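A.B. asks: sequence and predicted structure are below.
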Amino acid sequence: LRGVTRGGAVLGLCILSRLCQLSNVAPVDLPPAKTGHAAPLDKKREFMSVFPDIVRDLTEVGTHSDIPDAQKWYAKVLQYNAVGGKMNRGLAVSLSFKLLAAPDLVTPENIRLAYILGWCIELLQSFFLVADDIIDGSKMRRGKPAWYLNDNLGLGAFNDAILLEAGVYKLLQKHFRDAPYYMDMLELFHEMTLKTALGQALDLLSCPAGQRPNLSKFTMERYNAIVKYKTAYYSFYLPVALSMYMAGITDRELHRQARTILVEMGQFFQVQDDYLDCFGDSSVTGKVGTDIGEGKCTWLSVVALQRASPSQRRIMEEHYGNPEQESVNKVKALYMELGLPATYRAYEDSTSSMIRIHIQQISRGLNHNVFFKFLDKIHKRSS
């Protein structure tokens, strides 16, 4: 999975816990987050300062005192997988809350609660990524080995993914069960998890494991559906929707308007991600592109197939989904031949302008600056 969006929930998995075997995995030093459009350091430090409490909440003595080895393992899972990224999703909750809430609601206590909600999103993200790395066979995640590769965890890491997701609901119960919006948040997290899993399923059906991609399914309609469900809902709508509930904004029409804009923004973000996977600077993005070799349904591959002549399509059919560097290079050369970098730049400018117009049309009940800040953060990004 690329950065943000190759994450997908795993449904119906029945797996054997290997905690006894795996409890000797050595802790590792956590690397700094990659540079780029990461959050400002002071805000990130404030957010990170809550993380030790998150770990304590989920592993505190007395909760499951009869299984200390499992609790110790849970702490390792959290410390390895929940930190190390840009944390933009998690920080977006507090940022949005400050802009949407009435001044009397923006108290230190509520800001802390917004940070806790942000960590719920980061745990959900980690759940998706741990599972997705196993599905995709990814070797690295956030500058360190993918979790399932530690001490040959393998499929046992699926159990750890489930632990990460379970942490979301434990935190919600502990900190929000008396809040009037508790059920709204519970339903929202369940809905976002389902939508993301459906998006992952659609993506996997486009390129079944161990098979060459079915290029006949690489249509813009299918691509947009994958991105909408797999990325846009949980990465963009979820943080703002949570902050809206905290701010007392429950009007369905306002939520609908926010969802429409944020899903549109999420799709824009994924097109950028697709482009950076192929043409980005790996020293800036922090990852080596794998979409071509894995045969992923991306914006670049769909546009290439739309434009390709019969002979150019044969190049895609022969080389797309082949991880050999020679095949990857041939596909990249075809993208250049078809003028996709210039097409992308035109798309980026026109889409950004269109989203700005749509933001200006939102009802006055929502602070437009929330959406402009999101857009400014991703426009012309390089990582």
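C.D. replies: Great, that's in hand. Numbering: from 1, shown residues only.
A.B. asks: where do the strands sit along the chain?
C.D. replies: For the chain, strands defined by DSSP state E occupy the ranges 140-141, 144-145.
A.B. asks: burial measure for residue 110, as a count.
C.D. replies: For residue 110, the count of nearby residues is 17 (other C-beta atoms under 10 Å). Any C-beta I mention is one placed from the backbone N, CA and C, and that applies to glycine too.
A.B. asks: which ones are touching it?
C.D. replies: The neighbours of residue 110, taking C-beta atoms under 8 Å, 6 or more residues apart in numbering as the test, are 97, 101, 246.
A.B. asks: for the residues you listed, which one is nearest residue 223?
C.D. replies: Distances from residue 223 to the contacts of residue 110, taken as C-beta to C-beta, are shortest for residue 97 (32.6 Å).
A.B. asks: could you report the neighbour count for the closest residue to that closest one other than its chain neighbours?
C.D. replies: Spatial nearest neighbour of residue 97, excluding adjacent residues (C-beta to C-beta, 6 or more residues apart in numbering): residue 243 at 4.0 Å. The tally of other residues near residue 243 (other C-beta under 10 Å) stands at 25.
A.B. asks: residue 243 contacts residue 100, correct?
C.D. replies: Yes. Between residue 243 and residue 100 there is a contact under C-beta atoms under 8 Å: 5.7 Å.
A.B. asks: dihedrals phi and psi, residue 296?
C.D. replies: phi -70, psi 150 (degrees, to the nearest 10).
A.B. asks: that one contacts residue 200, doesn't it?
C.D. replies: No. Using C-beta under 8 Å as the test, residue 296 is too far from residue 200 to be in contact (11.9 Å).
A.B. asks: poorly predicted segments of the protein, please.
C.D. replies: Scanning the chain for pLDDT under 70 picks out 1-40, 61-62, 283-288.
A.B. asks: let me see the contact set for the closest residue to residue 186 other than its chain neighbours.
C.D. replies: Residue nearest to residue 186 in three dimensions, not counting chain neighbours: residue 172, with 6.3 Å by C-beta to C-beta, 6+ apart. Each residue near residue 172 by C-beta under 8 Å, 6+ apart is listed here: 120, 182, 185, 186, 189.
A.B. asks: repeat for residue 271
C.D. replies: For residue 271, the contacting residues are 227, 299, 344, 347, 348, 351, taking C-beta under 8 Å, 6+ apart as the criterion.
A.B. asks: tell me how many other residues surround the closest residue to the first one other than its chain neighbours.
C.D. replies: Right, the one you point to is residue 227. Distances taken as C-beta to C-beta, 6+ apart put residue 270 closest to residue 227, at 4.3 Å, once the chain neighbours are dropped. Other residues near residue 270 come to 25 when the count uses other C-beta under 10 Å.
A.B. asks: touching, residue 270 and residue 233? I think so.
C.D. replies: No. Using C-beta under 8 Å as the test, residue 270 is too far from residue 233 to be in contact (11.7 Å).
A.B. asks: out of everything not next to it in sequence, what's closest to residue 224?
C.D. replies: Nearest one to residue 224, counting by C-beta to C-beta, 6+ apart, is residue 267 at 6.4 Å.
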